[in-house]
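# what would the 3D arrangement of this be:
(one chain, ligands or ions: 2)
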Amino acid sequence: MTLPALALFGGTFDPVHQAHLSGARAVADALGCPVRLLPNAVPPHRAQPLATGEQRLAMLQLACQGQPDLIPDDWELRQQGPSWSLNTLRHFRTEIGPYRPLVLVIGADSFATLHKWHRWQDYPALCHLAVLPRPGAGSPTLEVAGAFHENTPQGLLAAPAGRRLMLSEPWLDLSATGVRQDLARQGTSTALPAPVGAYIRTHRLYNVPPGSPLTDSGTA
Ligand SMILES: Nc1ncnc2c1ncn2[C@@H]1O[C@H](COP(=O)(O)OP(=O)(O)OP(=O)(O)O)[C@@H](O)[C@H]1O
Ligand SMILES: O=C(O)c1ccc[n+]([C@@H]2O[C@H](COP(=O)([O-])O)[C@@H](O)[C@H]2O)c1
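Ligands and ions are numbered 1, 2, ... in the order given. A predicted model of the protein is given here:
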């Protein structure tokens, strides 16, 4: 018997881009479950984002429109202090109970640095991992890889935690850093869903030059 899974995809999302959305879509389709996209309030291992939490959440809401299984979630934004993923995992584990599969979605670059995350050793008892491929990502430590046994989507759905799904798609060489650079240079980015690009120009985020044309080619 399998119980419905819940997937959590945390990020700085400064701003959300097509690789985040395609990755979330791939996990939702592979596991047949909703994916909650959680912008962090205080990123634990990097500088504070340029856009506010409210703006990053608004962009996620625009990006997820029409995809009811991709759900922006403001839980981390409402917490105080550094946004340790451990707190988020514990909260959602308590919410869904001990038996349902809980899945943390991360990019392969995050997987390669998971050994530096706060109390990552507690994760295998709390959640599975779904790892999105990312060009240029390094490899995880042996300890991290060994803590989550690689499995199939069915394997993840058959247990509450401790397994790992390695996705092979999407393979997109995109980053929020690159998007911000494109926006500052030319006011547009093909890596953005059109409504997110429009929001950025309306709110003059990321140093977009005044009068930038509405020519994003990405779609939600
Ligand atoms: N192109 C990508 N392919 C796969 N995973 C990605 C990609 N971009 C981001 N991710 C993953 O999405 C999560 C949130 O990432 P984040 O919001 O920091 O985006 P980013 O593009 O890496 O941003 P920045 O360039 O500002 O560092 C992380 O787990 C990251 O590994
Ligand atoms: O809990 C930690 O130690 C930890 C360390 C680094 C990153 N994270 C979370 O991992 C997610 C992706 O991080 P980032 O910096 O790539 O946006 C985001 O939700 C971060 O809050 C969490």
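# got the CA positions of stretch 111-126 in PDB?
This file holds the C-alpha atoms of stretch 111-126, laid out as PDB (Å, rounded to 0.1, in the frame of the first residue of the first chain):
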ATOM      1  CA  PHE A 111      23.100  17.700  -3.100                       C
ATOM      2  CA  ALA A 112      26.900  18.200  -3.500                       C
ATOM      3  CA  THR A 113      27.000  20.500  -0.500                       C
ATOM      4  CA  LEU A 114      24.400  18.800   1.700                       C
ATOM      5  CA  HIS A 115      27.100  17.600   4.100                       C
ATOM      6  CA  LYS A 116      27.500  21.300   5.100                       C
ATOM      7  CA  TRP A 117      23.800  21.800   5.900                       C
ATOM      8  CA  HIS A 118      22.600  22.100   9.500                       C
ATOM      9  CA  ARG A 119      22.100  18.600  11.000                       C
ATOM     10  CA  TRP A 120      21.700  17.000   7.600                       C
ATOM     11  CA  GLN A 121      22.300  13.600   9.400                       C
ATOM     12  CA  ASP A 122      18.800  14.000  10.800                       C
ATOM     13  CA  TYR A 123      17.300  14.100   7.300                       C
ATOM     14  CA  PRO A 124      17.100  10.400   6.400                       C
ATOM     15  CA  ALA A 125      14.700   9.800   9.300                       C
ATOM     16  CA  LEU A 126      12.500  12.700   8.200                       C
END
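# ok, residues contacting it?
Contacts with stretch 111-126, where a contact means C-beta atoms under 8 Å, 6 or more residues apart in numbering, come from 44-45, 82, 84-86, 89-90, 93, 102, 104, 106, 129, 131, 137-141, 143-144, 147-148, 161-162. For every residue, glycine as well, the C-beta is placed using N, CA and C.
# ChimeraX command for the buried members of the residues you listed?
Provided next is the ChimeraX selection string for whichever of those are buried by 16 or more other C-beta atoms under 10 Å:
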select :84,85,86,89,93,102,104,106,129,131,137,140,141,144,147,148,161,162
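# was I right to think residue 91 contacts residue 75?
Yes - between residue 91 and residue 75 there is a contact under C-beta atoms under 8 Å: 6.6 Å.
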